[in-house]
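Novice: Make a model of this:
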Amino acid sequence: MSAGQGGCQPGIASIVENVKTLDIVLNGHDNDYNNYRLYKWDHLWGRSHVMKKIMSALYLKIKTIHIDDLVLIISGIFLALLLRYLIRSYSSGDYEKYYKVWYETIKAHGFAAFNLLLSHGGGYDYSPMYLYLLYVVSILFSKLVSISAVKLVSVIFDLMEAFFVYKIVRLKFYQGPIPFLAAFALLFAPTIILNSSVWG
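Specialist: Now for the predicted structure:
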């Protein structure tokens with residue numbers, strides 16, 4: 001009997017905590033609620049050993065990068081993103097005819113739009129995974145205009161491609177800036193920019 005009661009304790013504690021939270025919200029105790037939120041955030045993140053390990057590993061990784069390489073990385077990424085930002089509003093024929101329709105349909109109807117777009121005559125001829133990516137963007141960045149949201153997917157993959165180029169080249173050139181320059185060569189390649197940030 002005592003074992004059964006012990007097993008119920010976490011569930012009871014959780015219910016009590018939820019009731020207290022609901023009471024704070026309903027009674028409008030803003031300060032108490034804000035303090036409660038700060039406490040939960042500190043409890044979940046600030047005191048998390050996992051987060052501390054991740055931040056520590058990231059710090060140690062950055063610490064090993066030479067200052068010249070760090071300046072090169074920051075400058076290169078900044079210029080690559082700035083260039084893509086400046087041309088974000090260019091609208092291609094394919095965007096107007098296809099990408100815009102796909103994105104706005106998904107944003108308006110969510111998963112219900114998948115059947116329409118993937119069915120015969122829906123006009124969608126890409127891999128279904130691309131629709132999932134557009135759906136995620138429509139949720140996380142719902143305030144973005146359609147053309148920026150569509151291009152965001154391509155920009156993210158540009159950065160991922162550059163990272164993998166860096167890792168591959170670094171297998172041969174472990175020291176020096178060559179791996180970074182190889183990554184930036186991809187980010188600034190006209191074909192990459194035209195296909196992702198201009199075309200969409």
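
Novice: how would you label the residue nearest to Tyr98 when sequence neighbours are not counted: helix, strand or coil?
Specialist: Among residues not flanking Tyr98 along the chain, Gly123 sits closest, at 6.6 Å (C-beta to C-beta, 6 or more residues apart in numbering). Using the backbone N, CA and C atoms, a C-beta is placed for each residue, glycine as well. Three-state call for Gly123 (DSSP: H, G, I helix; E, B strand; the rest coil): coil.

Novice: Also Ser89?
Specialist: Under three-state DSSP, the three-state class of Ser89 is coil.

Novice: Does it touch Ile147 like I think?
Specialist: Yes. Counting by C-beta atoms under 8 Å, Ile147 is a contact partner of Ser89 at 6.5 Å.

Novice: ok, back up a step: quick one, what contacts the residue nearest to Tyr98?
Specialist: Gly123 is in contact with Tyr98, Val101, Trp102, Leu117, counting by C-beta atoms under 8 Å, 6 or more residues apart in numbering.

Novice: Please indicate which of the residues you listed has the highest neighbour count?
Specialist: Neighbour tally across the contacts of Gly123 (other C-beta atoms under 10 Å): the maximum, 21 neighbours, falls on Trp102.

Novice: which ones are touching that one?
Specialist: Taking C-beta under 8 Å, 6+ apart as the contact definition, Trp102 lies against Leu117, Gly123, Tyr124, Leu131, Leu134.

Novice: if I look at the last one, how far off is Ser197?
Specialist: Taking C-beta to C-beta, to the nearest Å as the criterion, Leu134 is separated from Ser197 by 16 Å.

Novice: Over to the first one?
Specialist: If you measure Leu117 against Ser197 using C-beta to C-beta, the figure is 24 Å.

Novice: Ok, Tyr126 next?
Specialist: Distance from Tyr126 to Ser197, by C-beta to C-beta: 18 Å.

Novice: Give me the more crowded residue out of these two.
Specialist: A direct count of neighbours by other C-beta under 10 Å for Tyr126 and Ser197 places Ser197 higher, at 22 against 13.

Novice: is it true that the more buried one touches Lys151?
Specialist: Yes. Contact criterion C-beta under 8 Å: Ser197 and Lys151 qualify, at 5.8 Å.

Novice: what do these two both touch?
Specialist: Arg84, Arg88.

Novice: Just give the closest residue to Val155, not the sequence neighbours.
Specialist: Val155's closest residue in space is Arg84 (C-beta to C-beta, 6+ apart), at 5.4 Å.

Novice: Hmm, that neighbour is touching Val198, no?
Specialist: No. Using C-beta under 8 Å, Arg84 is not in contact with Val198, being 9.2 Å away.
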